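Novice: show me the folded form of this:
(chains A and B)
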Amino acid sequence: MNDPLLLEKHLADGLTDAETAELEAAVGGEPAAARRLVAAARMDERLAARLGPGRSELACLAGLKRGRTPLAWVARWYRPLAVAAAVVLLLGLAAAVGGWIRSIASSPTEAVTGTLPAKARPFVPAPVVVLPARAADPLRVEKETPAMASLRRFLSNYYLTDLKLEAGRPLEEALQRLLQRARELNHLKNPMVERLSVELAAAEPGDDRPDTAVALPLKNVSLMDGLNWMAALNRSEVFLREPGVITFRPWERDENETLVTEVVRVRPDLLTRPVATDGQNPANAEPGSSGAGADSFIERTETPAAPRLTPIELFQSWGIAFSGQASAAYDEATAAMTIRQTESTLRLITVLLAVESSRQPAMVSITSKIFEYAQAPPIRDELLTEKQFQVWLRDQNQTQGVKLLTTPQVTTRSGQRAMVEVGGEVGRPGAEEMNRTDAEIDWQGLRIPLEPIFEGEVVKVVGAVELRLPVDRQPGQWLVPRDVPPGDLVTTATDFEAIVPPGQTAVFSVSESPEGPHFAMTVTVATIDPSGQRVGAPEGEPDQVRFPQPESGGRRAGP
Amino acid sequence: MDRTRHFLQLFLAHESDLRAYVATAVRVPASRDDVMQEVALALWKSFARYDPRHSFGAWARGVATHKVFDHHRRESRRLVLLSPQALEVVRRAFDEAEVGGEQARREEDALGHCVKLLPPRSAELVDLRYTERAGIAVLADRLGTTPAAIYQQLSRLRSVLGDCIRRRLAENQQPEAPPAASLRHRP
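Specialist: Model (predicted):
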């Protein structure tokens, strides 16, 4: 165990969830740690027994053993006596305030009629207990090691583009489907993905926890979020065990169906998020996607915000039933949700809320460079590491007849189309006669519509390079829109699809014909976490780049 | 020996260890006392089923494990510190390092001797922590330091006392040995 102080804190004050996980991992994985815990607990107890008030449960029966004085023997009884006195006082007090409690019980709440067993106590306004913030990452590891930290990072940054799970299927099957999808997206043939496996702890006899996964169409969520979400819905916790074994452990069974009330702080926009386009689960919508993108290049294709959900509607959409006196209310002023539910369901809700809060979509920043060449460029379609790309750039810089025209950059989310435009509008002489659309005529220059899609640990960028330039333009002369008739414009379009690991660059030619114009384009991808930090830029040999799209027929050109 | 006397003899010999075991699994001291009370009753009720060929301590810890989780289900999971799997590991560790009977008594006597040798500041810490039952935050406040430093000091203190107990037991097994002058803390 790295930190012996953990033992002290464990015995004295108790640990946080994360610390408990660390202690459990140490105790489970290192026999010496368990022995140290035993020694510390034993010493603590002996000191308390020797120096503190007597506490033996049966010492009173044993008389004055161990050489205790009569006073010490009497002292042992002070606690039971004090407890008895307190019980008598409390009974009287309870009788006095009983009427008040009953009057409170009839207070209106956001209750939903239903058939919850009437074990519930009368509703008493609970003191506001704000749950301690859970770790953003509820996934626990049995033993924290560098390898486990690496695996944890990997799971957080490995994206499932989409995953549809059928309702009512066994959890094990759903998990296998999850892993299968992860393997399908393993473009880099990362052995870590191949090694992942899932273990389900055996349920106790009579355990009636749901063994089926709800319909959970995931979209652009990390593997870790997907696992956490499925585990919570199955009333289980996820543990990671080397070498990549994911273990689902059922929560302790909770037979206490008494309603309890807790107040949980939630993200202020939790209830105002747009409904997912698949109409099934708001979890599919991109968190924060109601906000406008910061980049002016991004096309505004967002789903309009749906009417505000009530807390109960939100939870019901997650498959959590609210019946009887169960209730949920949201206080906009404090962003606090007051939830009254059975303890087990409350735990489910808090875990799901924690997963939901931690589920921030990574952004992808795409930097491109457009080069123009006086002659057909000797460019191969290839994928370059950062160092290789620097060498490539230096080569272009030292080659005559090569001009870097522009370096557009765009930041967007997975699955969200963005548009890079360099150029401007021109007049439209003879537009009607030429039977062209306004969009074609209004604009002159370079357009790159593109859509990045997270697939596993790479980003697939699908897009096109569209050039609309005056026919008499000279190579290297940049895109100054001129008022020319549409017939004097040349439009070329080249589709591309590149699978680019973060930190690497795809390079490809967009030349159309031996006569020119000759262009080359680079696409450098960086993923950005919600804090604005770049995520993982793996070094190594490039894997593959596919271009152009086979099904689209590749490049197209036209007047 | 009558049954009651036999039970009391065994229970008292293992009570300290049993309480230490419960302390690893239950957070709140008052809850530990409740659990211990239930354990004691359960042990007494089922004492007829105890097989004297096996360790009383191990049997008692098995019963205590059930009581810990009964308590956990009845009250609140927040009172329990360790998962069932981790608690099982701890239980095995207790079984392997079981101390009971005469050996426990000798160790406790040695502890009493060693506590008297503590330097004043350590003695004050021990007194506040175990006699006055002061919490860590209170200790930190009273001693003008941080909770982390208190944890550190308690950890060192246990280590020093453990060394002292071992020395004391070894000395008692030898004909004559000079007594330890005092305990020294590592800086």
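
Novice: name the nearest residue to residue 44, ignoring sequence neighbours.
Specialist: In the absence of a named chain, chain A is used. Setting aside the residues directly before and after it, A:D44 is nearest to A:L11 in space (Cβ to Cβ, 6 or more residues apart in numbering or on different chains), at 5.2 Å. All C-beta atoms are positioned from the backbone trio N, CA, C, and that covers glycine.

Novice: please go with chain B instead
Specialist: In this structure, B:W44 finds its nearest non-sequential neighbour in B:F7, 6.2 Å apart by Cβ to Cβ, 6+ apart.

Novice: which secondary structure elements does the helix or strand encompassing that neighbour sit against?
Specialist: Using DSSP states H and E, B:F7 maps to helix B:3-25. Where contact means 3 or more Cβ pairs under 8 Å, 6 or more residues apart in numbering or on different chains; DSSP states H and E, helix B:3-25 is packed against helix A:5-12, helix A:31-51, helix A:59-62, helix B:29-45, helix B:56-74, helix B:84-96, helix B:101-116.

Novice: if you compare the ones you listed, which one is most tucked away?
Specialist: Scoring the helices and strands packed on helix B:3-25 by mean neighbour count under mean count of other Cβ atoms under 10 Å in any protein chain shown gives helix A:5-12 as the most buried, with a mean of 22.

Novice: quick one: low-confidence residue ranges for the stretch 451-559 of chain A.
Specialist: Residue ranges of the stretch 451-559 of chain A with pLDDT under 70: A:475-487, A:511-514, A:516, A:529-559.

Novice: where does the residue nearest to A:D44 land on pLDDT?
Specialist: Here, the pLDDT recorded for A:L11 equals 79.

Novice: repeat for A:W392
Specialist: On the pLDDT scale, A:W392 gets 91.

Novice: before we move on, what about B:R61?
Specialist: You'll see B:R61 listed with a pLDDT of 90.

Novice: which residues touch it?
Specialist: B:R61 is in contact with B:18, B:21, B:91, B:94-95, counting by Cβ atoms under 8 Å, 6 or more residues apart in numbering or on different chains.

Novice: redo the residues you listed as CSV? Include pLDDT.
Specialist: Putting the contacts of B:R61 into CSV (pLDDT from 0 to 100) gives the following:
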residue, pLDDT
B:L18, 89
B:Y21, 89
B:R91, 86
B:F94, 86
B:D95, 84
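
Novice: how about those residues, which pair is most distant?
Specialist: Longest distance between any two of the contacts of B:R61 is 12.0 Å, between B:L18 and B:D95; criterion Cβ to Cβ.

Novice: now for those two: what residues contact both?
Specialist: Common contacts of B:L18 and B:D95, defined by Cβ under 8 Å, 6+ apart, comprise B:57, B:61.

Novice: which residues of the stretch 201-350 of chain A score low on pLDDT?
Specialist: For the stretch 201-350 of chain A, the stretches with pLDDT under 70 are A:201-219, A:242-243, A:251-256, A:272-307.

Novice: now do the strands in it.
Specialist: Secondary structure of the stretch 201-350 of chain A (DSSP state E, counting those that start in this stretch): strands at A:212-213, A:218-222, A:236-241, A:245-250, A:259-265, A:327-331, A:336-342.

Novice: distance to chain B added to the ones you listed, as a markdown table?
Specialist: What follows is the strands of the stretch 201-350 of chain A, written out as a markdown table (distance: least, Cβ to the nearest Cβ, whole Å):
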| stretch | distance to chain B |
| --- | --- |
| strand A:212-213 | 24 |
| strand A:218-222 | 25 |
| strand A:236-241 | 9 |
| strand A:245-250 | 8 |
| strand A:259-265 | 9 |
| strand A:327-331 | 21 |
| strand A:336-342 | 13 |
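
Novice: of these, which approaches A:P470 most closely?
Specialist: Closest approach to A:P470 among these is made by strand A:218-222 (40.7 Å; Cβ to Cβ).

Novice: got the strands of the stretch 201-350 of chain A as TSV, with mean neighbour count columns?
Specialist: Listed next are these as TSV, based on neighbours: other Cβ atoms under 10 Å in any protein chain shown:
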stretch	mean neighbour count
strand A:212-213	20
strand A:218-222	23
strand A:236-241	21
strand A:245-250	18
strand A:259-265	19
strand A:327-331	18
strand A:336-342	22
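
Novice: closest one to B:I136 among those strands?
Specialist: Of all the strands of the stretch 201-350 of chain A, strand A:259-265 sits nearest to B:I136, with 26.4 Å by Cβ to Cβ.
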